[in-house]
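Asker: Output the structure for:
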Amino acid sequence: MMSRRGALLALLLGTWSAGVLAEVPAPDSTAARHEAQQLAELPPIVPVAGRIDPSGRKQQGRVSYYSQKFAHRKMADGRPMNPQSNAAASKTLPLGTTAKVTNLQNAQSATVKIQDRGPYVAGRVIDVSPVVAEQLGLRKQGAARVEIKPITVPQPNGAIKLGAGAAEMTPNEIIQAAETTKQLVRTAGR
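Answerer: Residues are numbered from 1 along each chain as shown. All right, here's what the predicted structure looks like:
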């Protein structure tokens, strides 16, 4: 009897979540921009390791950067890590997410593409490539507190959702970020 209830509950939740996921507004729509603005107004969250978060909410935590020993190693999306790219690793953001990372100590920021999983150091929420570390002004200190604002976030149903970072972007920047996310997801799916 309990297994039937569990199966029914799972079916209902699956149907409900599929319906919710199907309602993600197109990235270039007014509804998507409005949702991005609402996300930007919410306080940042601390990511929960082991759970992919496609919500588009801002995150806060510590950043570090890839050591040179990781140069040209295969990342989670199958591409080699290029130290001169804007690649980043996150434990919780979906692969293909485009995000703005801001160093909270000096206000320097950079746009990254989530292409890898990690960092695997306690207390860190994102790893960035050495070139992004330069842009964030953290090459000497090695780590810093950052805010991560997703701009475009791939959803489980294949749609692309605008995140909190899209609220500060121009329509052209959003279109470019959405195209980058589509390309990353398409290439990683091969």
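Asker: quick check, distance from the longest strand anywhere in the chain to the centre of its chain.
Answerer: Identified as the longest strand of the chain according to DSSP state E is strand 143-154. A distance of 6 Å separates the centroid of the chain from that of strand 143-154, by Cα atoms, centre = their mean, to the nearest Å.
Asker: Which strands or helices does it pack on?
Answerer: strand 59-65, strand 98-103, strand 124-128, strand 160-162, helix 171-188 (3 or more Cβ pairs under 8 Å, 6 or more residues apart in numbering; DSSP states H and E). C-beta coordinates here come from the backbone N, C-alpha and C atoms, glycine included.
Asker: in its sheet, what does it sit against?
Answerer: strand 59-65 (antiparallel), strand 98-103 (antiparallel), strand 160-162 (antiparallel) (DSSP bridges).
Asker: among the helices and strands packed on strand 143-154, which is nearest Asn86?
Answerer: Closest to Asn86 of those is strand 124-128 (Cβ to Cβ; 7.9 Å).
Asker: can you put the strands paired with strand 143-154 in a markdown table and add mean pLDDT?
Answerer: Below are the strands paired with strand 143-154 laid out as a markdown table (pLDDT from 0 to 100):
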| stretch | mean pLDDT |
| --- | --- |
| strand 59-65 | 95 |
| strand 98-103 | 98 |
| strand 160-162 | 96 |
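Asker: among the ones you listed, which is the most enclosed?
Answerer: strand 160-162 (a mean of 26; mean count of other Cβ atoms under 10 Å).
Asker: What lies in contact with that one?
Answerer: The contact list for strand 160-162 (Cβ atoms under 8 Å, 6 or more residues apart in numbering) reads 24-25, 27, 32-33, 35-36, 39, 54, 56, 151-155, 174, 178, 181-182.
Asker: please redo it, this time with the cut-off set to 6 Å
Answerer: Here strand 160-162 makes contact (Cβ atoms under 6 Å, 6 or more residues apart in numbering) with 24, 27, 32, 36, 56, 152-155, 178, 181.
Asker: now those as CSV including distance to Met81?
Answerer: Below are the contacts of strand 160-162 laid out as CSV (distance: Cβ to Cβ, whole Å):
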residue, distance to Met81
Val24, 30
Pro27, 27
Ala32, 31
Ala36, 29
Gly56, 25
Thr152, 21
Val153, 22
Pro154, 20
Gln155, 25
Ala178, 24
Thr181, 19
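Asker: Name the spans of the chain whose pLDDT lies under the cut-off.
Answerer: 1-23, 189-190 (pLDDT under 70).
Asker: re the thing from before, with distance to Ala87 added, can I get the helices and strands packed on strand 143-154 in TSV?
Answerer: Below are the helices and strands packed on strand 143-154 laid out as TSV (distance: least, Cβ to Cβ, whole Å):
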stretch	distance to Ala87
strand 59-65	11
strand 98-103	11
strand 124-128	8
strand 160-162	19
helix 171-188	10
